[in-house]
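In: next come a sequence and a model predicted from it.
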Amino acid sequence: LRYAKYDADGNDISDTYAKQSDISDTYARQSNISNPNLIMNPDFKINQRGKTSYTIPQSTSISSTYTFDRWRTNNSSAASITIASRSVGGITISGRGANISQQFEEGIPSGAVTLTIKSGTTSSTTEVSHTVTVPSSLGSSWSGSFGTYGNLNAMLTYSQDVGFTLSIDSNTSGSIYIDWVKLEPGTVATKFVPPDPATELLKCQRYYIAFNENAPFSGWIFSATSVRITIPVPTAMRESPTLVFPNGGSIGSTRIYSNGGTLTPSACSVQQAENNQIVLSLTVSGATANQTAAWRSISKAALDAEI
């Protein structure tokens, strides 16, 4: 059964109307297309370091500090800056010169790239998009400014030593709310789709893996002065990591249990980093070789392979 549609002059325009409806449907489908996001942890939900707020003292001597996974900040200003989580999602950056940046392990393809940031100085945040063109020949360095996003400035830079880095800086001493960030190829800003948290965590764990205080790991006494401990990891890490203690502590705040006794290691190195496991080599004294062992950290510890 076919229902005809006529124009004001009585002409049958059913086919034309149907084609226009198809075009409208196609446009509606295209409006829901989302390009891949080149940013990791774009909505700041992955936070393995575990703090709700990261405060960087004024003119700190530390060149950069990682906060929420894959995002870091630095402070060369005369006042402290704070990067904090929000109960409704996203982050707040506060203080003159407050900034966040993300360094890319992989390159950014040449051509147009569009950056969209949903941000604002109140909880009513808005989306703003700007585009820059990455040249096919970068030379030893390059920079492209995305311009302003309210009270934020954003820039994409490249150097032979570092690769690509996206930097987002505050130009106010007040607080700025950032819900999410999206960087995508092309000149069109497509829909932001929140990443699956489990998948995003796994991506971030290529660079950093945290484990809780007192988490036990097993191993063996290799010799009177060396203990080997195996730590299973969910994904291969970017490079051989370093054992770190983000909330303070040291290798001396860990313990080894074997044959009814307790040992305190004095040094640590990574013996092996492959096949989804990390093998630590711990220096001790007075151990009995060829015994099983268990190791735990009294302080929160992590494996760090950040760029």
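Out: Thanks, I have the structure now.
In: hey, let's count contacts and neighbours off CA atoms from now on
Out: Will do.
In: which parts of the stretch 51-200 of the chain are strands?
Out: Using DSSP state E, counting those that start in this stretch, the strands found in the stretch 51-200 of the chain span residues 53-56, 65-66, 72-73, 81-85, 91-94, 99-103, 111-120, 126-134, 141-149, 152-159, 163-170, 175-185.
In: if I look at the residue nearest the centre of the chain, how far off is Ser129?
Out: The centre of the chain sits closest to Arg70, judged by CA atoms, centre = their mean, with a distance of 2.7 Å. For Arg70, the distance to Ser129 (CA to CA, to the nearest Å) stands at 22 Å.
In: can you give me phi and psi for the residue nearest to the centre of the chain?
Out: Dihedral pair for Arg70: phi 70, psi -10, per degrees, to the nearest 10.
In: hmm, Phe104 and it touching each other?
Out: No - if you go by CA atoms under 8 Å, Arg70 and Phe104 don't touch, sitting 9.2 Å apart.
In: name the strands paired with the host helix or strand of Trp295 and say parallel or antiparallel.
Out: In the assignment (DSSP states H and E), Trp295 maps to strand 292-297. Strands that pair with strand 292-297, judged by DSSP bridges, come out as strand 217-223 (antiparallel), strand 254-258 (antiparallel).
In: and the shortest one, which residues are buried?
Out: For strand 254-258, the buried set under the neighbour-count rule, 16 or more other CA atoms under 10 Å, comprises Thr254, Arg255, Ile256, Ser258.
In: just give me the closest of the residues you listed to Ser240.
Out: Thr254 (20.5 Å; CA to CA).
In: check contacts around the closest one.
Out: Thr254 makes contact with Thr264, Pro265, Trp295, Arg296, Ser297, Ile298, Ser299, according to CA atoms under 8 Å, 6 or more residues apart in numbering.
In: how about residues contacting stretch 227-238?
Out: Among residues not part of stretch 227-238, those counted as contacts by CA under 8 Å, 6+ apart are 202, 205-209, 217-222, 273-284, 293-295, 305-306.
In: measure Arg183 to Val233 for me?
Out: Quick fix: residue 183 is Leu, not Arg. 29 Å.
In: so for these two, which sits in the more crowded spot?
Out: Each of Leu183 and Val233 has its neighbours counted (other CA atoms under 10 Å); Leu183 has more, 25 against 17.
In: name the nearest residue to that one, sequence neighbours excluded.
Out: Among residues not flanking Leu183 along the chain, Leu115 sits closest, at 4.5 Å (CA to CA, 6 or more residues apart in numbering).
In: how about Ser64?
Out: Asn74 (4.5 Å).
In: hang on, the one you found packs against Thr65?
Out: Yes - the pair Asn74 / Thr65 is scored as a contact, 6.1 Å apart, by CA under 8 Å.
In: more neighbours: these two, which one.
Out: Asn74 (22 against 16).
In: buried residues in stretch 33-49?
Out: Within stretch 33-49, the residues scored as buried using 16+ other CA under 10 Å are 35, 37-49.
In: stretch 55-74 too?
Out: 55-57, 60, 65-74.
In: same thing with stretch 117-129?
Out: So for stretch 117-129, counting by 16+ other CA under 10 Å, buried means Ile117, Lys118, Ser119, Gly120, Thr121, Thr126, Glu127, Ser129.
In: so can I have JSON lines of those residues showing pLDDT and distance to Pro135?
Out: Listed next are the buried residues of stretch 117-129 as JSON lines, based on pLDDT from 0 to 100; distance: CA to CA, whole Å:
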{"residue": "Ile117", "pLDDT": "98", "distance to Pro135": "23"}
{"residue": "Lys118", "pLDDT": "98", "distance to Pro135": "26"}
{"residue": "Ser119", "pLDDT": "98", "distance to Pro135": "28"}
{"residue": "Gly120", "pLDDT": "96", "distance to Pro135": "31"}
{"residue": "Thr121", "pLDDT": "94", "distance to Pro135": "33"}
{"residue": "Thr126", "pLDDT": "97", "distance to Pro135": "29"}
{"residue": "Glu127", "pLDDT": "98", "distance to Pro135": "26"}
{"residue": "Ser129", "pLDDT": "98", "distance to Pro135": "20"}
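In: adding distance to Pro246, write those out as a markdown table.
Out: Shown next, in a markdown table, are the buried residues of stretch 117-129 (distance: CA to CA, whole Å):
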| residue | distance to Pro246 |
| --- | --- |
| Ile117 | 29 |
| Lys118 | 30 |
| Ser119 | 29 |
| Gly120 | 31 |
| Thr121 | 30 |
| Thr126 | 34 |
| Glu127 | 34 |
| Ser129 | 35 |
